[in-house]
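Trainee: Here is my input; please provide its structure:
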Amino acid sequence: MPAADILTPALLERIRSRAAGYDDANTFFDEDLRDLREAGYLALFTPRSGGGHGLGIPEVVACQRLLAAAAPATALAVNMHLVWCGVAHLLSLRDDDSLSFILREAAAGELFAFGISEPGNSAVLFDSATAAVPQEDGGYAFTGRKIFTSLAPAWTRLGIFGRDDSGPGEPRLVFGFAERDTAGIHSPDDWNTMGMRASQSRSTVLDSAIVPAERIVRTTPVGPHGDQFVFGIFALFSTLLSAVYNGVGDRAVELAAGAALNRRRGGAAAAADPYIRWRVADAAIVMDGIRPQVDAVARDLEDGADHGALWFPRLSALKLRTVEAARGVVEQAVKVAGGQAYSRGHELERLYRDVLAGIFHPTNEDAAHASMATALLGPVEQAEAER
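Mentor: Residues are numbered from 1 along each chain as shown. Got it, this is the predicted structure:
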């Protein structure tokens, strides 16, 4: 099903019309979420037999690209729900139905949030500062602090993880899903940021929040490993995040072209100025190169392509390239539009702030380069030994 059949022009226009208001008031996108839920957007990955749209990763990427061009903060927040659904879809393609409940519940209207990021935890999925204490019935009590929990005002299911140091052997990382009414989960109203304001990605405080045994979905070792569940999280997060910033860049090109056609410089149309023309063309050329890269990775994930040890660095590189490209393109668009784009309320002013959020999502620039260097050159210790 084409993305435009789900995100119709009328729906996208309604969503776009609200984005500035959400940003200005620093409020959550309640109306957008209602419209998206009614359109079945929460169930993009759910098979049609289960009440969803039955889309694959490439089609969901196309949807998120469109949504982000209309409202970046809405798309970024919904991304986190779609990451969990996408992991369930990816595992099912590999004959692992352990997360199939996510797809069923998404079709029933449940909203999944991403409680993974922690302050100061550069290991991200491979270690945790949150304590996971085993309970007698097989559940776990989680205590710690998560940050950047998008969908904070509205989620009904929260995917979290923590570290279990209770055993006699090596520590384990424990992943599970908590429900909204779980005791010991608190979300302070601490989201007052430069951009992506409507996402309301507040902190989440866990104080002995118990996830029952039937909602514990994985335990993994601490440190790098090849578990397909964790790979799925990283892969879907990186790819769908890239789709969002791809959409932001695409919109910036549209706005740059519109500004050039409608603006006058020295009595002449700005679109006739060779420097303006170069900037608009350069922005379009950059984004023209990003789209096929995002689509190719999405297709490889869907088709089960084997990139071996290069999968993680390639995913990191995709996110880094897409975010950097979008940032540069938005800046080019601002230069084309001129001083008007520096005023509050101008869409490019908002995109300029929104696109900066990309530098804070994992994987950051340093980690992406380190990952690629290790894949190509081996660990530093190995390189030193071979000198």
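
Trainee: Now do the longest helix belonging to the chain: which elements does it pack against?
Mentor: Taking DSSP state H as the criterion, the chain has its longest helix at helix 228-262. Counting contacts by 3 or more C-beta pairs under 8 Å, 6 or more residues apart in numbering; DSSP states H and E, helix 228-262 packs against helix 57-70, helix 72-93, strand 216-221, helix 274-303, helix 311-337, helix 347-355. C-beta: built from backbone N, CA, C; applies to glycine.

Trainee: how about those in CSV, adding mean pLDDT?
Mentor: Shown next, in CSV, are the helices and strands packed on helix 228-262 (pLDDT from 0 to 100):
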stretch, mean pLDDT
helix 57-70, 98
helix 72-93, 98
strand 216-221, 96
helix 274-303, 97
helix 311-337, 96
helix 347-355, 98
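
Trainee: would you list those in JSON lines and tack on distance to residue 11 and mean neighbour count?
Mentor: Converted to JSON lines, the helices and strands packed on helix 228-262 look like this (distance: least, C-beta to C-beta, whole Å; neighbours: other C-beta atoms under 10 Å):
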{"stretch": "helix 57-70", "distance to residue 11": "9", "mean neighbour count": "25"}
{"stretch": "helix 72-93", "distance to residue 11": "12", "mean neighbour count": "26"}
{"stretch": "strand 216-221", "distance to residue 11": "33", "mean neighbour count": "17"}
{"stretch": "helix 274-303", "distance to residue 11": "22", "mean neighbour count": "17"}
{"stretch": "helix 311-337", "distance to residue 11": "23", "mean neighbour count": "23"}
{"stretch": "helix 347-355", "distance to residue 11": "18", "mean neighbour count": "22"}
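
Trainee: nearest to residue 18, of these?
Mentor: Proximity to residue 18 (C-beta to C-beta) singles out helix 72-93 among these, at 8.3 Å.

Trainee: which element follows that closest one toward the C-terminus?
Mentor: Next along the chain after helix 72-93, taking DSSP states H and E as the criterion, comes helix 100-107.

Trainee: Export the next helix or strand after that next one to PDB, keeping only CA atoms.
Mentor: Downstream of helix 100-107, the next assigned helix or strand under DSSP H and E is strand 112-115. C-alpha atoms of strand 112-115 as PDB (Å, rounded to 0.1, in the frame of the first residue of the first chain):
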ATOM      1  CA  PHE A 112       4.500   1.700  22.800                       C
ATOM      2  CA  ALA A 113       7.200   4.000  24.100                       C
ATOM      3  CA  PHE A 114      11.000   3.600  24.100                       C
ATOM      4  CA  GLY A 115      12.500   3.700  27.700                       C
END
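
Trainee: For strand 112-115, name the packing helices and strands.
Mentor: Contact partners of strand 112-115 among helices and strands, from 3+ C-beta pairs under 8 Å, 6+ apart: helix 72-93, helix 100-107, strand 140-149, strand 157-164.

Trainee: Out of the helices and strands packed on helix 228-262, flag the one nearest residue 116.
Mentor: Shortest distance between residue 116 and those, using C-beta to C-beta, is found for helix 72-93: 9.2 Å.

Trainee: so how far is the closest one from its chain's centroid?
Mentor: Its chain's C-alpha centre and that of helix 72-93 lie 8 Å apart, by C-alpha atoms, centre = their mean, to the nearest Å.
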